[in-house]
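Trainee: structure for this input, please:
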Amino acid sequence: MNTLPIVFGFVLATGAFPAADPGARIANSDEPLPGTRALTISGDLASDMVTGIDRFLLRKIEDSAAERARFWKKELSNPEKFEASIKSNRDRLAKILGVRDARVPFDAPELEGTVDQPALVGQGKGYQVFAIRWPVIGDVTGDGLLLVPTGRKPIADVVAIHDADVTPEALVGLREGVEDGSQFARRLAEAGCRVIVPALIDRQLAPRNGRSTLTNREFLYRPAFVLGRHLIGYEIQKVLAAVDWFTKASGPQDPRIGVVGHGEGGLIALYAGAIDPRIDAVGVSGYFGDRSRIWEEPIDRNVFG
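Mentor: The predicted model follows:
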């Protein structure tokens with residue numbers, strides 16, 4: 001039994017503190033302790049501390065760019081040696097993004113339909129649209145739409161991801177929300193690609209447990225971060241699970257796989273392409289740029305390291 005709390009409570013209640021030692025008299029005198037000097041700073045010490053921390057962290061961000069090259073040992077003599085030389089960098093990035101769990105193997109996505117709502121939810125010029133679900137990690141699944149060319153084999157497989165507040169249905173033209181010229185999932189299908197459009201967690205604000213009001217993304221980010229995982233990592237895993245299926249479905253042939261995204265989808269596409277060499281082409285819109293002002297970004301983009 002731990003008696004320390006009981007003893008401490010008794011001391012507080014009775015005032016039975018032990019007699020002061022000689023060193024205490026020095027601390028209570030006007031003379032500073034040996035090896036120290038008096039604190040003479042005036043003003044708001046807490047504010048000064050925050051300013052100093054801010055200055056320190058900004059300097060560390062600047063220093064990181066200059067130090068980055070020492071973590072790369074690229075071997076450029078041939079593609080195989082290059083991939084081997086940067087594998088540790090890919091692995092480290094995956095860990096930073098919270099991509100740590102093995103994905104669930106599966107044969108193909110499941111069609112999501114009922115008697116009242118068939119899985120075939122639409123069709124366009126040369127393609128059909130199906131509602132699908134696929135396993136990712138543990139109990140986490142991916143949901144979205146599958147666009148399949150009709151009457152011909154797909155020329156490529158693509159994961160198309162829009163911003164967090166845009167539904168897959170809007171990106172393929174089944175609902176309003178995205179202008180015709182920006183419905184890149186639909187346009188890829190019309191060009192002959194097989195396309196998966198995953199749904200992302202949106203940014204809807206709501207009160208949580210009667211206390212803070214948080215977006216859905218931040219609400220899921222917070223508990224995941226404590227466990228070494230990340231909302232971004234979960235959504236990357238959704239994309240990579242689709243890539244798993246594309247690779248398996250291609251059989252002995254070398255698959256042609258692309259990932260394209262806009263906004264939050266651009267973030268997911270960029271990171272997925274960076275950690276998985278099976279992705280041949282990456283398109284990033286509305287996210288590619290200088291990320292050094294990280295304090296201006298939503299907190300749910302705060303990753304490890």
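Trainee: do you know the pLDDT at the spatially most central residue of the chain?
Mentor: The residue lying closest to the centre of the chain (CA atoms, centre = their mean) is Ile232, at 1.7 Å. Listed pLDDT for Ile232 reads 97.
Trainee: host element of it?
Mentor: helix 231-249 (DSSP states H and E).
Trainee: got the CA positions of that helix in PDB?
Mentor: As requested, the backbone C-alpha atoms of helix 231-249 are provided in PDB (Å, rounded to 0.1, in the frame of the first residue of the first chain):
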ATOM      1  CA  LEU A 231      -6.500  10.900 -39.200                       C
ATOM      2  CA  ILE A 232      -4.300  11.700 -42.100                       C
ATOM      3  CA  GLY A 233      -2.700   8.200 -41.800                       C
ATOM      4  CA  TYR A 234      -6.100   6.500 -41.800                       C
ATOM      5  CA  GLU A 235      -7.100   8.300 -44.900                       C
ATOM      6  CA  ILE A 236      -3.800   7.500 -46.600                       C
ATOM      7  CA  GLN A 237      -4.400   3.900 -45.700                       C
ATOM      8  CA  LYS A 238      -7.800   4.100 -47.500                       C
ATOM      9  CA  VAL A 239      -6.000   5.100 -50.600                       C
ATOM     10  CA  LEU A 240      -3.200   2.500 -50.300                       C
ATOM     11  CA  ALA A 241      -5.900  -0.200 -49.700                       C
ATOM     12  CA  ALA A 242      -7.300   0.800 -53.100                       C
ATOM     13  CA  VAL A 243      -3.800   0.600 -54.500                       C
ATOM     14  CA  ASP A 244      -3.500  -2.900 -53.100                       C
ATOM     15  CA  TRP A 245      -6.700  -3.900 -55.000                       C
ATOM     16  CA  PHE A 246      -5.500  -2.200 -58.200                       C
ATOM     17  CA  THR A 247      -2.200  -4.100 -58.000                       C
ATOM     18  CA  LYS A 248      -3.900  -7.400 -57.200                       C
ATOM     19  CA  ALA A 249      -6.500  -7.000 -60.000                       C
END
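Trainee: what about it, distance to the chain center?
Mentor: 13 Å (CA atoms, centre = their mean, to the nearest Å).
Trainee: returning to what we had before: the residue nearest to the centre of the chain against Ala272, yeah?
Mentor: No: under the criterion of CB atoms under 8 Å, Ile232 is not in contact with Ala272, lying 10.0 Å apart. Backbone N, C-alpha and C define where each C-beta goes, glycine included.
Trainee: re the thing from before, next secondary structure after the helix holding Ile232?
Mentor: The helix or strand immediately downstream of helix 231-249 is strand 257-262, counting by DSSP H and E.
Trainee: for that next one, what is the average pLDDT?
Mentor: 98.
Trainee: got it, and stretch 112-122?
Mentor: 91.
Trainee: just stretch 160-170 next, same as before
Mentor: Mean predicted confidence for stretch 160-170 is 96.
Trainee: for that stretch, measure first residue to last.
Mentor: 12 Å (CA to CA, to the nearest Å).
Trainee: next: stretch 162-174.
Mentor: End residues of stretch 162-174 are separated by 14 Å (CA to CA).
Trainee: any idea how far that stretch is from the middle of the chain?
Mentor: That offset, for stretch 162-174, works out to 19 Å (CA atoms, centre = their mean).
Trainee: cool, and stretch 80-94?
Mentor: On CA atoms, centre = their mean, the centre of stretch 80-94 falls 19 Å from that of its chain.
Trainee: list the buried residues of it.
Mentor: 86, 93-94 (16 or more other CB atoms under 10 Å).
Trainee: repeat for stretch 130-145
Mentor: 130-132, 134-137, 140, 142, 144-145.
Trainee: do the same with stretch 207-223
Mentor: Buried, per 16+ other CB under 10 Å, within stretch 207-223: 214-221.
Trainee: go on, stretch 290-302?
Mentor: Buried, per 16+ other CB under 10 Å, within stretch 290-302: Asp300.
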